[in-house]
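1. sequence isn't available, so here's the structure alone:
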């Protein structure tokens, strides 16, 4: 009998979130699951790691299912993957999945995303990895409408793998009246968050600010993650750890070779 | 008379660090400088932003130089740039520089780097931006050996700009017996941190871990930032906010179009 694959699950909303519970319920059908997730919400942590403070972790009985073991960690999503692969697991996982995030990680949000940092941390190690997000920020967000797609995507990646240094950034629309139409392989839309700072005064008279903002899509293409989400598709953006702007790099290197710096 | 350029400076080692003081001393020669920097060290913060807590900032008299104003902020490097461009500055800066970081940000460290997150945050806005780092982690790191290069690079970018969505990731070797040989336009080396967790016990008997690790360069190319640094050159890696793995994306999209998902 073929060995069941080992699947590592991390997230950024914390080990008690509804999204990770949903992801465990899908992945336990596909393999043996180990969860290593933050003990508290870590949204917006980007690829932060804990280097100035100690890390702690404990085994958790939060997932009583067979074939699932779980650990909660005091650190960030990236810390959780480092801890799993270097300290907790005896063998490297066959697949690393992160999420399901409560909220969108399309477009430039990939840079801020703790969910994707866990997936990209696995990609640094050359492990096939996927970050899943649903465009619903609610604590009680709905995930069931994505179940068949999440399973199908994980099965495909377990079977076919992916290039080293790549992780898939998968986003799904919030549940609507129509079922999700299907999946699109996309590029990251050119967008930004247009921030505003909401200035307030605390009870002892000190000023403080809340970062607020709305997402602005500057991209008119129909091959982007934003287009897919807004047209009721799930989006898959293969995302890489190499951030070099290769084309411009070559042009700049040529120019410098000709003209000097 | 031509207006002096407006230069925004951020960093991740905090407003009191030696590296930002050095960067101010270079940039005040080139333009009017506004510093918005964290009030405490933020190393390893990646592209973290503060969304679950309030932000605070105060003007600071830490830089008494003419043409320099400064603010310290309770947030991350990315927060500092958001705060500057949306709340503190009346006009967008002509150039955003970050650092000089105490420590290397070559290769995959770009993902963990608070220094580069400030530069990339500016790149999202389409502003020319540069993150500077010296491969010396010391609190009292030496920066003077990079002065002429830092100035030359900033002057070049002020004059020529850079494409939208790009920031330069500039690293310099630690001071050595020979002067730095020159500058190389590079790609991000394929490397990783090989982590180990140092397990200890605190005075009341509780276990805790320190994340430790050493950098492993898996890249044999001589066109990488790691090669440049190890051969006593300054490295310039044009780094982009678009993390899409474009080539693989196109192949995958074709395959899915042919075979279905």
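-> Thanks, I have the structure now. These figures come from a predicted structure and were not determined experimentally. Residues are numbered from 1 along each chain as shown, chains lettered A, B, ... in the order given.

2. contacts and neighbour counts: CA atoms only from here.
-> Will do.

3. correct me, but residue A:195 touches residue B:82?
-> Yes: when contacts are counted by C-alpha atoms under 8 Å, residue A:195 is listed as touching residue B:82 (7.2 Å).

4. neighbour count winner among the two?
-> residue B:82 (24 against 16; other C-alpha atoms under 10 Å in any protein chain shown).

5. assign a three-state SS to the more buried one, would you?
-> The three-state assignment at residue B:82 reads helix, by DSSP: H, G, I helix; E, B strand; the rest coil.

6. neighbours around residue A:32, how many?
-> Count around residue A:32 with other C-alpha under 10 Å applied: 18.

7. scratch that, residue A:68
-> Using other C-alpha under 10 Å, residue A:68 has 20 other residues around it.

8. quick one: it from chain B, how far?
-> Separation of residue A:68 from chain B (C-alpha to the nearest C-alpha, to the nearest Å) stands at 24 Å.

9. residue contacts, that residue?
-> For residue A:68, the contact set (C-alpha atoms under 8 Å, 6 or more residues apart in numbering or on different chains) comprises A:24, A:28, A:32, A:33, A:34, A:35.

10. look up the residues forming beta bridges with it.
-> Note on residue A:68: beta-bridge partners residue A:33, judged by DSSP bridges.

11. chain center to stretch A:56-74: distance?
-> The chain centre lies 20 Å from the centre of stretch A:56-74; the measure is C-alpha atoms, centre = their mean, to the nearest Å.

12. what are the buried residues along that stretch?
-> By neighbour count on 16 or more other C-alpha atoms under 10 Å in any protein chain shown, the buried set for stretch A:56-74 is A:56, A:57, A:60, A:63, A:68, A:69, A:70, A:71, A:72, A:73, A:74.

13. out of those residues, flag the one nearest to residue B:167.
-> Here the nearest of the buried residues of stretch A:56-74 to residue B:167, counting by C-alpha to C-alpha, is residue A:74; it sits at 32.2 Å.

14. pretty sure that closest one is in contact with residue A:41, am I right?
-> No: with contact defined as C-alpha under 8 Å, residue A:74 does not reach residue A:41; the gap is 10.2 Å.

15. pLDDT weak spots in chain A?
-> A:1-2 (pLDDT under 70).

16. which parts of it are helices?
-> Using DSSP state H, the helices of chain A run over A:18-27, A:77-83, A:109-112, A:114-124, A:147-160, A:225-230, A:246-259.

17. got TSV for those, with distance to chain B too?
-> Shown next, in TSV, are the helices of chain A (distance: least, C-alpha to the nearest C-alpha, whole Å):
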stretch	distance to chain B
helix A:18-27	18
helix A:77-83	7
helix A:109-112	5
helix A:114-124	6
helix A:147-160	8
helix A:225-230	11
helix A:246-259	5
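
18. most tightly surrounded among these?
-> Highest mean neighbour count among those (mean count of other C-alpha atoms under 10 Å in any protein chain shown): helix A:114-124, with a mean of 30.

19. so what secondary structure elements neighbour it?
-> Where contact means 3 or more C-alpha pairs under 8 Å, 6 or more residues apart in numbering or on different chains; DSSP states H and E, helix A:114-124 is packed against helix A:77-83, strand A:95-102, strand A:129-134, strand A:166-172.

20. just to revisit the earlier point, closest one of the contacts of residue A:68 to residue A:188?
-> Using C-alpha to C-alpha, those come closest to residue A:188 at residue A:24, 26.9 Å.

21. gap between the closest one and residue A:93?
-> Using C-alpha to C-alpha, to the nearest Å, residue A:24 is found at 15 Å from residue A:93.

22. could you do residue A:233 as well?
-> Taken as C-alpha to C-alpha, the span from residue A:233 to residue A:93 is 29 Å.

23. interface residues of the stretch 1-150 of chain A facing chain B?
-> A:43-51, A:53-57, A:82-83, A:86-87, A:108, A:111-112, A:124-125 (C-alpha under 8 Å from any C-alpha of the partner chain).
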